[in-house]
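Participant: Structure here, sequence nowhere to be found:
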């Protein structure tokens, strides 16, 4: 899987804000200290996160960043995409074969492409709130996917 520190650090930083802001702005210095991430690196990331509408900023004493929308409405996949990250398991781009073995689809291409889609689907089903509240993420993803698909339990008669 290809995911650089940009995506991981962006997720870590927004989880930090969701856990520590209590509605007030959080400074990048505080996030950098708690998460052991360079403040300069965070400044670059937060420009992208602000542009994507995930955080709001305020200047001056007591300034910093806070979530632009509730943690329950911010999916982990949103953060990764805002940081210009892709979850990619193949050498190819998406389902294309550019970059694949000798310009042809390799034997495992469909396997890795499917796994990448499943990972993205999982991250799309997990919110910042789920992580901050330490909910069982696998269970939370399953419940959300079930609700989204409107799957109704089977009704069987054993008469």
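Facilitator: Sure thing, it's come through. Bear in mind that the values here come from a model prediction, so they are computed numbers and not experimental data.

Participant: can we go C-alpha only for contacts and neighbour counts from here?
Facilitator: Fine.

Participant: Below-threshold pLDDT in this protein: ranges please.
Facilitator: Low-confidence segments of the chain, defined by pLDDT under 70: 1-3, 85-103, 136-159.

Participant: just the strands in it please.
Facilitator: 55-58, 64-67 (DSSP state E).

Participant: Need the winner for burial among these.
Facilitator: Compared across the strands of the chain, strand 64-67 shows the largest average neighbour count, a mean of 22 (mean count of other Cα atoms under 10 Å).

Participant: Tell me which other helices or strands it touches.
Facilitator: With contacts taken as 3 or more Cα pairs under 8 Å, 6 or more residues apart in numbering; DSSP states H and E, strand 64-67 sits against helix 5-20, strand 55-58.

Participant: how about a cut-off of 7 Å?
Facilitator: Judged by 3 or more Cα pairs under 7 Å, 6 or more residues apart in numbering; DSSP states H and E, strand 64-67 is in contact with strand 55-58.

Participant: Please enumerate the helices of this protein.
Facilitator: Along the chain, counting by DSSP state H, helices occupy 5-20, 28-35, 39-51, 76-82, 109-124, 128-132, 137-149.

Participant: Can you say which of the ones you listed is packed in most?
Facilitator: Mean neighbour counts for the helices of the chain (mean count of other Cα under 10 Å) peak at helix 76-82, with a mean of 22.

Participant: Contacts for that one, please.
Facilitator: Applying Cα atoms under 7 Å, 6 or more residues apart in numbering, the contact partners of helix 76-82 are 7, 10-11, 48-49, 52, 120, 123-124, 126-128.
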